[in-house]
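# The sequence isn't on hand, but the structure is:
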């Protein structure tokens, strides 16, 4: 069993790397990717204790090889409205800002940090998700940097990739 966590600023390419790992590993393993976007509690409470607690449930269940479920956030209605059930897998990939935080590292995850210049990351996100979220993204960049600084995410990463 392997637990991987891919973290770094928005727009760094975390989802793309997770998809590449999934493709590479799924030939001979059961693999699941969990995106932090599904676990966040909206924009303002995304990187809160709520996310940490969800990651605790996920990592404990993964390590025990147990079924688990989590609420999924709907970005249209801005509330949790779905329950996602996960079966035990050989490889679990956590992907997104906050994926490689301390509780996940303490669970034995192999962590990847993806670097990106803030302006490039912002541009990638806006091209992908639309320019109507620009004000939210500018605040998000501040929030994610605070999270990374307090968690020491980049410093504690096993692998650092520049995108």
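Structure's in. What do you need? Since the model is a prediction, treat every value here as computed from it, not as a measurement.

# all strands for the chain, in order.
Taking DSSP state E as the criterion, the chain contains strands spanning 2-7, 31-35, 68-74, 79-86, 91-95, 110-115, 159-162.

# The longest one vs strand 68-74, what angle?
Looking back up the chat, that one is strand 79-86. Relative orientation of strand 79-86 and strand 68-74, computed by axes from the mean of the first three to the mean of the last three Cα atoms, to 10 degrees: 150 degrees.

# Work out the gap between strand 79-86 and the centre of the chain.
Centroid separation between strand 79-86 and its chain, computed with Cα atoms, centre = their mean, to the nearest Å, is 16 Å.

# for that strand, which positions count as buried?
For strand 79-86, burial by neighbour count (16 or more other Cβ atoms under 10 Å) applies to 80, 86. C-beta: built from backbone N, CA, C; applies to glycine.

# pretty sure residue 114 contacts residue 6?
Yes: the pair residue 114 / residue 6 is scored as a contact, 6.8 Å apart, by Cβ atoms under 8 Å.

# More neighbours: the two, which one.
A direct count of neighbours by other Cβ atoms under 10 Å for residue 114 and residue 6 places residue 6 higher, at 29 against 22.

# residues touching the more buried one, list them.
Residues near residue 6 by Cβ atoms under 8 Å, 6 or more residues apart in numbering: 14, 17-18, 21, 93-96, 99-100, 111-112, 114.

# since we're on the closest residue to residue 102 other than its chain neighbours, how many residues are nearby?
Spatial nearest neighbour of residue 102, chain neighbours left out: residue 151 (5.9 Å); criterion: Cβ to Cβ, 6 or more residues apart in numbering. Applying other Cβ under 10 Å, we find 19 residues neighbouring residue 151.

# do residue 18 as well
Applying other Cβ under 10 Å, I find that residue 18 has 23 neighbouring residues.

# Look up the residues forming beta bridges with the nearest residue to it once chain neighbours are set aside.
Among residues not flanking residue 18 along the chain, residue 95 sits closest, at 3.9 Å (Cβ to Cβ, 6+ apart). Bridge pairing for residue 95 (DSSP bridges) gives the partners residue 6, residue 35.
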